[in-house]
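>>> When you get a sec, could you give me coordinates for this:
(one chain, ligands or ions: 1)
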Amino acid sequence: MNSLVRLAALLLATCTLHAAQADPAFRVGAGKRVITPVEAMWMAGYASRTAPSDGKIHDLHAKALVIEDAAGLQGVILTTDLIGIPKNIAVATATLIHDTYQIPRERVMITASHTHCGPVMRDNLYGMYALDPEQVNRIEAYTGAMPQMLLDAVTAAMDNLEPATLTWGIGNAGFAVNRREYTPGGVTNGENPIGPVDHDVPVLAARRADGSLKAVLFGYACHNTTLSFQQFCGDYAGFAQYGLEEAFPGATALFATGCGADANPLPRRTLELAQQYGAQLGKAVESVLGGTMAPLNGPLKASFEEIPLELSAPPTREQIEEQLKSEDVYIQRRAKTLLKTLDTRGALDTTYPYPVQIWQFGDALQMTVLGGEVVVDYALLLKHRLGREKQFVIAYANDVCAYIPSLRVLREGGYEGDTSMIYYGFYGPWAPTIQDAILGSALKQTEALKE
Ligand SMILES: [Zn+2]
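Just a heads-up that it's a prediction; the model follows:
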């Protein structure tokens, strides 16, 4: 009898222990690394700048969130206060992470806040800037060091992996305004109060066993472009991250941009407005954290593919030579690059390998992760098809190669549908197959992961 009681007590203790250990279903690590350039550099995103950076408002960061499920499978989410990570840097970073931590490509997500107050990245919008050789050297050196800087953030996160619970919820912030203004002359970059927007603020929280906040990943579908001045700054997303880290000491706040390619924070252009939007976004995240959030369980499943996204029919050599005579310096610059490609490779690429990535946390949450500057229609279509309550849609990820218009925006034209392709170096707009190709890949991978 005595031994039976002891056995029962032992079983009870073991069960309690298991329950306590099973409760935090994951191990989570969060790390960051300052990536503010040490020298003055040309700043990304606006063609109109005539001088390099002059100091900083605050530091720019690369941050890493490492999530390990109960089976020991890890995933890495990288966020950056940068305009975008071009494909070659994403590939080099993913390779470095794989070589160091044996984490496969589909489990590495590389995102950007799209601040226009960070440095130019190599091969990203190169056609937009008039760069002298010294500035090109600085961009090459900075961009070349980026994979190691991103790995540093991952290593910092690996160093503090600990048991954690993950929860998920959606808040709301209203400052994103559709910017595709319909005018008699066509669509211009202005303000469209009847245009679609996505005001969701997706929030993924990691809490330690003692309940304290370890990390929070949040998003918003809006250009991170309140500011256009000459100082390094994370813009509203930077202020939101700084504000949350102040409100939750010991926590790392990470921001990833949603499908905000056709939305701007309006009005804009003052530091006060950037701070105000950052505070508004931070409050939206805090109110989600203070409410009831959906618990996440494993396993963490991931998939990634590059699909051949079709471009419209390519121009002839004669047509490109004609563009050399254009009065538009950007069309001239692009024509020179296209002719160089024709000379060296004999033909222009008519497709582009476009990344689509999916992460699933059981039935509760799917992260649908798209490359490029994606317009809001994709977020709305994905939420319609897959359920808003379980969709964390991230854009500007794994390769910021171009604007990604929906079929509607492609047909309407304007900057996101057409003319932005000049700055990204493509010979013309995407083919009308674009929307079906991207959604098709996302839906196919979604189903495949469920099996
Ligand atoms: Zn943009």
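>>> For the stretch 201-350 of the chain, which segments count as helices?
For the stretch 201-350 of the chain, the helices defined by DSSP state H, counting those that start in this stretch cover 235-247, 271-289, 317-323, 329-345.
>>> and what of the stretch 51-200 of the chain?
Under DSSP H, counting those that start in this stretch, the stretch 51-200 of the chain gives helices at 87-101, 133-158.
>>> what's the closest of the ones you listed to residue 403?
helix 87-101 (15.4 Å; CB to CB). Just so you know, the C-beta spots here come from the backbone N, C-alpha and C atoms, and that holds for glycine as well.
>>> tell me what that closest one is packed against?
For helix 87-101, the packing partners by 3 or more CB pairs under 8 Å, 6 or more residues apart in numbering; DSSP states H and E come out as strand 74-80, strand 108-110, helix 133-158, strand 351-361.
>>> if we can go back for a sec, for residue 208, find the nearest of the helices of the stretch 201-350 of the chain.
Proximity to residue 208 (CB to CB) singles out helix 271-289 among those, at 13.8 Å.
>>> and that closest one, which residues are buried?
Neighbour counts over helix 271-289 (16 or more other CB atoms under 10 Å) mark 273-278, 280-286, 288-289 as buried.
>>> ditto for stretch 325-344
331, 333-335, 338, 341-342.
>>> same check, this time on stretch 228-239
229-230, 232-239.
>>> again with stretch 118-130
Under the neighbour-count criterion of 16+ other CB under 10 Å, stretch 118-130 has 118-129 buried.
>>> cool, and stretch 100-120?
Neighbour counts over stretch 100-120 (16+ other CB under 10 Å) mark 101, 103, 105-120 as buried.
>>> what's the answer for stretch 88-95, then?
By neighbour count with 16+ other CB under 10 Å, stretch 88-95 contains the buried residues 89-94.
>>> repeat for stretch 193-206
For stretch 193-206, by 16+ other CB under 10 Å, it's 195-206.
>>> could the buried residues of stretch 88-95 go into TSV alongside distance to residue 57 and pLDDT?
Shown next, in TSV, are these (distance: CB to CB, whole Å; pLDDT from 0 to 100):
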residue	distance to residue 57	pLDDT
89	24	97
90	27	98
91	31	98
92	29	98
93	26	98
94	31	98
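>>> Now render the residues you listed as a markdown table, adding distance to residue 258.
A markdown table is the format used below for those (distance: CB to CB, whole Å):
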| residue | distance to residue 258 |
| --- | --- |
| 89 | 21 |
| 90 | 18 |
| 91 | 24 |
| 92 | 25 |
| 93 | 22 |
| 94 | 22 |
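>>> And those, which is closest to residue 350?
Out of the buried residues of stretch 88-95, the member with the shortest distance to residue 350 (by CB to CB) is residue 91, at 21.6 Å.
>>> List the contacts of residue 198.
Residues in contact with residue 198 (CB atoms under 8 Å, 6 or more residues apart in numbering) are 176, 221, 258-260, 263, 376, 379-380, 383, 393.
>>> how about those in TSV, adding distance to residue 438, pLDDT and neighbour count?
Listed next are the contacts of residue 198 as TSV, based on distance: CB to CB, whole Å; pLDDT from 0 to 100; neighbours: other CB atoms under 10 Å:
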residue	distance to residue 438	pLDDT	neighbour count
176	21	98	23
221	16	98	28
258	15	98	26
259	11	98	30
260	16	98	28
263	19	98	27
376	14	98	27
379	12	98	26
380	13	98	18
383	15	98	17
393	12	98	29
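>>> So which of these are in strands?
Among the contacts of residue 198, DSSP state E puts 176, 263, 393 in strands.
>>> residue contacts, the closest residue to the last one other than its chain neighbours?
Once flanking residues are discounted, residue 393 sits nearest to residue 379: 4.5 Å by CB to CB, 6 or more residues apart in numbering. With contacts defined as CB under 8 Å, 6+ apart, the neighbours of residue 379 are 198, 200, 221, 258-259, 391, 393, 395.
>>> Give me the residue at the spatial middle of the chain.
residue 111 (3.3 Å; CA atoms, centre = their mean).
>>> Quickly list what that residue is bridged to.
As for beta bridges, residue 111 partners with residue 397 under DSSP bridges.
>>> go on, residue 200?
For residue 200, the beta-bridge partners are residue 172 (DSSP bridges).
>>> ok, it - contacts?
170-172, 221, 258, 379, 383, 388.
>>> List just the nearest of those residues to residue 154.
residue 258 (23.0 Å).
>>> Skipping adjacent residues, who's closest to that closest one in space?
Here the residue nearest residue 258, using CB to CB, 6+ apart, is residue 221, at 3.3 Å.
>>> Tell me if I'm right that the one you found and residue 260 touch.
Yes: using CB atoms under 8 Å, residue 221 is in contact with residue 260, at 3.9 Å.
>>> Any chance of CSV for the helices of the stretch 201-350 of the chain, columns distance to residue 418 and mean pLDDT?
Listed next are these as CSV, based on distance: least, CB to CB, whole Å; pLDDT from 0 to 100:
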stretch, distance to residue 418, mean pLDDT
helix 235-247, 26, 98
helix 271-289, 28, 98
helix 317-323, 15, 97
helix 329-345, 13, 96
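>>> For those, give me CSV that also has distance to residue 437.
CSV is the format used below for these (distance: least, CB to CB, whole Å):
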stretch, distance to residue 437
helix 235-247, 29
helix 271-289, 32
helix 317-323, 26
helix 329-345, 23
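>>> Quick check: which of these is nearest to residue 183?
Of all the helices of the stretch 201-350 of the chain, helix 329-345 comes closest under CB to CB, at 21.4 Å.
>>> Give me the neighbour count for the nearest residue to residue 273 once chain neighbours are set aside.
Once flanking residues are discounted, residue 273 sits nearest to residue 226: 5.2 Å by CB to CB, 6+ apart. Other residues lying near residue 226 total 30 when counted by other CB atoms under 10 Å.
>>> Next SSE downstream of the helix or strand of the chain with the lowest mean pLDDT?
In the chain, no helix or strand scores lower on mean pLDDT, DSSP states H and E than helix 2-22, which sits at a mean of 43. Next helix or strand after helix 2-22 toward the C-terminus (DSSP states H and E): strand 26-34.
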